[in-house]
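# How does the following fold in three dimensions:
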Amino acid sequence: MLKNKKFNFKEFFAENAVPVVFLTISAVFVYYSGTQPAIIMNDVVARFARNAFFVISLLIPVLAGMGLNFGIVVGAMAAQIGLYWALALKMEGIAAIAFAAVVCVPFAVLFGFLSGALNNKTKGQEMLTSMFVGYFAHGLYMLLFLFIIGGIIPIDVYEIILPNGVGARSSIDLTQVKGAVDSILKVDLFTFVLALAAIVAIIAVVNTVKAKKPDIAKFVVAVLLAGLGVAGNTMPAFLMFKRVVKIPVVTYGLIGLLCVFITAFFKTKMGQDMRAVGQNMEIAEVSGINVNKIRIIANIMSVVLSAWGQLLFLQNLGTLSTYTAHQNVGMFAGAALLIGGASVTKATVPQAILGTFLFHLLFNVSPLAGQNIFGSALIGEYFRVFIVYGVIALAIVLHAAKKAGGKK
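Numbering: from 1, shown residues only. Model prediction:
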């Protein structure tokens, strides 16, 4: 008879060192920021809705063995092309976002195919390759928006074109599409928690019926969520959270659907093939899997999802920085995923969600915490940069060390 394995704190910390460390840093920074927790939560809720799609889109290339796809910036470029097209047609609201979401797909598929084909030529160096793909694509993007738009393709919408008629404005006000998705339905935090509890309970019941065995874990989660929701709606201590924190239900619903899609996709034949390719390309090829084709499909899916993520980002932000809005999306998404405890070879949906939350929590509180601790808000700004590049560098070093240890 097998004995129950005892909890080993050392092993737990070794496996979850990054999220534990960043959770601790976040708690310290929240304390020293001096900001009302409800205000912090409201900002994090908005940032999560703005960026979660990006982070989750990285899961596919990671599990397909291509590491962090910094080339998702080409998906963001495709989204901006689609949105600019919608603005040129003077479209507004959800119609403009829907039009851009459809129009950007062919561009994203083309960009994803080309970058995926290049990744197949540089196997083992995909992260570096995808980074340079982003730089190269940025040059072509600049050519399009600085010269071709207005110079070759006539645009007569004053708000989005430079006064001389050639080139797009560097900053475009998106008032006509701001909150197009977010504002469809918003509820307070604890009403959302109660709805989430109901969804988890339904899933638990379905799992119980299928397996003919109670899904204890999900039932416990449903009860805890329901308890939190009831407490938040009835106890005065949570009144500020109820008033201030508003959840964009449709945006969070889309993020939830993406999580479900990713989970379900990797249970399909193609998803299992991607996992096999990610674990060992040579064995996958011997097993009859078309490795190059699978890798290109994974890259295309990631780029298309990132394009839709950029549209959610822009409608939430309400401003399009035409020439810079796409530049750091790959780095930020990669850092957020790694902070959640993922690696460049293994990542899960919960890690993506946790990492996005922690990453943007730190982004929110670090300037004020730096001001209060060190007397300079710039320290907090520098810490943001350290988080992004430091975490990515550390993850790559650990991955290289692990591979070297495995070979030995």
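# what about A180, which SS state?
coil (DSSP: H, G, I helix; E, B strand; the rest coil).
# number of nearby residues for it?
Each residue near A180 was counted by other C-beta atoms under 10 Å, and the total is 23. No exception for glycine: its C-beta is placed from N, CA and C like everyone else's.
# Can you name the residues that contact it?
93-94, 96-97, 315 (C-beta atoms under 8 Å, 6 or more residues apart in numbering).
# Take those residues and write them to JSON lines, including neighbour count, pLDDT and distance to V245.
JSON lines is the format used below for those (neighbours: other C-beta atoms under 10 Å; pLDDT from 0 to 100; distance: C-beta to C-beta, whole Å):
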{"residue": "G93", "neighbour count": "16", "pLDDT": "91", "distance to V245": "25"}
{"residue": "I94", "neighbour count": "16", "pLDDT": "94", "distance to V245": "24"}
{"residue": "A96", "neighbour count": "23", "pLDDT": "93", "distance to V245": "28"}
{"residue": "I97", "neighbour count": "24", "pLDDT": "94", "distance to V245": "24"}
{"residue": "Q315", "neighbour count": "24", "pLDDT": "93", "distance to V245": "20"}
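# Throw those into CSV and include distance to N164, thanks.
Converted to CSV, these look like this (distance: C-beta to C-beta, whole Å):
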residue, distance to N164
G93, 30
I94, 33
A96, 26
I97, 29
Q315, 29
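# Helices - which of these land there?
Using DSSP state H, the subset of the contacts of A180 located in helices is 93-94, 96-97, 315.
# For the stretch 251-400 of the chain, give me the ranges with low pLDDT.
376-377, 380-381, 383-384, 387-388, 391-392, 394-400 (pLDDT under 70).
# Please, where are all the helices along it?
Using DSSP state H, counting those that start in this stretch, the helices of the stretch 251-400 of the chain run over 269-279, 281-286, 291-317, 329-339, 349-374, 377-407.
# what's the closest of those to D182?
helix 291-317 (5.7 Å; C-beta to C-beta).
# Spatially central residue for this protein, please.
Centroid-nearest residue in the chain: V55, 2.2 Å away (criterion: C-alpha atoms, centre = their mean).
# Could you grab the helix/strand/coil label for that residue?
V55 - assigned by three-state DSSP - is helix.
# who touches it in this structure?
333, 336-337, 352, 355-356.
# repeat for A38
Neighbours of A38 in contact, by C-beta under 8 Å, 6+ apart: 240-241, 243-245.
# Check these against A27 and report the nearest one.
Among the contacts of A38, and counting by C-beta to C-beta, the member closest to A27 is F241, at 17.5 Å.
# part of a helix, is that closest one?
Yes: under three-state DSSP, F241 sits within a helix.
# what angle sits between the strand or helix carrying S130 and helix 291-317?
Taking DSSP states H and E as the definition, one finds S130 inside helix 126-143. Counting by axes from the mean of the first three to the mean of the last three C-alpha atoms, to 10 degrees, helix 126-143 lies at 50 degrees to helix 291-317.
# packing partners for helix 126-143?
Counting contacts by 3 or more C-beta pairs under 8 Å, 6 or more residues apart in numbering; DSSP states H and E, helix 126-143 packs against helix 73-88, helix 93-121, helix 329-339.
# and the second one, how far from the chain's centre?
The chain centre lies 17 Å from the centre of helix 93-121; the measure is C-alpha atoms, centre = their mean, to the nearest Å.
# could you give the angle of it to helix 73-88?
Using the same axes, to 10 degrees: helix 93-121 against helix 73-88 is 150 degrees.
# and if you look at the last one?
Helix 329-339 runs at 130 degrees relative to helix 73-88, counting by the same axes, to 10 degrees.
# What lies in contact with helix 329-339?
In contact with helix 329-339 (C-beta under 8 Å, 6+ apart) are residues 18-19, 22, 51, 54-55, 57-59, 62, 68-73, 76, 130-131, 134, 306, 309-310, 313, 347, 351-352, 354-356, 358-360, 387-389, 391-392, 394-395.
# let's see it at 7 Å
18-19, 22, 54-55, 58, 68, 70-73, 76, 134, 310, 347, 351-352, 355-356, 358-359, 387-388, 391-392, 395 (C-beta atoms under 7 Å, 6 or more residues apart in numbering).
# Need the CA coordinates for it. PDB is fine.
What follows is helix 329-339, C-alpha atoms only, in PDB (Å, rounded to 0.1, in the frame of the first residue of the first chain):
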ATOM      1  CA  VAL A 329       4.000  43.200 -26.700                       C
ATOM      2  CA  GLY A 330       6.200  40.100 -27.100                       C
ATOM      3  CA  MET A 331       8.600  41.000 -24.300                       C
ATOM      4  CA  PHE A 332       5.800  42.000 -21.900                       C
ATOM      5  CA  ALA A 333       3.700  38.800 -22.600                       C
ATOM      6  CA  GLY A 334       6.800  36.600 -22.300                       C
ATOM      7  CA  ALA A 335       7.800  38.200 -19.000                       C
ATOM      8  CA  ALA A 336       4.200  37.800 -17.600                       C
ATOM      9  CA  LEU A 337       4.100  34.100 -18.600                       C
ATOM     10  CA  LEU A 338       7.500  33.400 -17.000                       C
ATOM     11  CA  ILE A 339       6.500  35.300 -13.800                       C
END
